[in-house]
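K.L.:
sharing a sequence plus its predicted fold:
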Amino acid sequence: MANRKRVGKYVIDARQAAIYEHDVNSASFSSLSLSSTLTVTGATTLNGDVAVGNATSDEVGFYGVTKVAQLSHADQTTLTDSTGGSVSNATLAAITDTSSDQSAPINANFAKIAQLVNRLRADLVSLGLIKGSA
């Protein structure tokens with residue numbers, strides 16, 4: 001037992017480089033394996049503040065996709081909306097009359113798309129899933 005230490009509901013086994021969580025209700029232990037990668041098996045809940053990746057070069061993957069470092073590209077910069085169109089609602093206007101000047105509803109459509117794309121971009125940047133610029 002010299003290589004094992006109990007800390008609350010956890011047992012740390014230094015010889016096996018493992019942490020076991022003790023479930024007092026079922027009297028069972030769940031293994032958390034420690035190596036250069038932390039592997040957790042079974043249902044897991046993370047409570048409180050959680051950070052995934054400590055640097056933009058750390059590789060992270062979600063939902064079984066191949067892990068990658070934080071994506072960064074000049075195309076991630078904010079769109080500049082120079083259309084002068086209205087974004088008063090999220091409905092794109094149908095352009096049916098092509099015989100006259102339809103620049104106002106067309107510009108409004110582009111402005112609404114730009115607004116949505118910029119919001120999605122800002123959300124991804126705030127989550128750290130993309131860098132937002134080169």
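P.N.:
In hand now; what should we look at?
K.L.:
tell me which helix or strand in this protein has the weakest average pLDDT.
P.N.:
strand 39-40 (a mean of 63; mean pLDDT, DSSP states H and E).
K.L.:
could you point out which element follows it?
P.N.:
Later in the chain than strand 39-40, the nearest helix or strand by DSSP states H and E is helix 103-127.
K.L.:
how far off centre is stretch 118-130?
P.N.:
Chain-centre distance of stretch 118-130: 9 Å, with C-alpha atoms, centre = their mean, to the nearest Å.
K.L.:
could I get the pLDDT score of the closest residue to Gln115 other than its chain neighbours?
P.N.:
For Gln115, ignoring the flanking residues on the chain, the nearest one in space by C-beta to C-beta, 6 or more residues apart in numbering is Val87 at 4.7 Å. All C-beta atoms are positioned from the backbone trio N, CA, C, and that covers glycine. pLDDT, Val87: 81.
K.L.:
ok, now Thr37?
P.N.:
The per-residue pLDDT of Thr37 was computed as 62.
K.L.:
remind me which residues of this protein are low pLDDT?
P.N.:
Counting by pLDDT under 70, the ranges of the chain that qualify are 1-3, 5-7, 13-18, 22, 24, 27, 29, 31-44, 134.
K.L.:
again, only this time at 90
P.N.:
Within the chain, the set of residues satisfying pLDDT under 90 comprises 1-100, 102-109, 115-116, 118-119, 121-134.
K.L.:
in it, what residue sits furthest out from the centroid?
P.N.:
Residue farthest from the centre of the chain, counting by C-alpha atoms, centre = their mean, is Ser99 at 45.6 Å.
K.L.:
against Phe62, how distant is it?
P.N.:
Distance, Ser99 to Phe62, by C-beta to C-beta, to the nearest Å: 49 Å.
K.L.:
try Ser86
P.N.:
Taking C-beta to C-beta, one finds Ser86 at 36 Å from Phe62.
K.L.:
when those two are compared, which one has more neighbours?
P.N.:
Ser86 (14 against 8; other C-beta atoms under 10 Å).
K.L.:
please consider this matter closed, and thank you.
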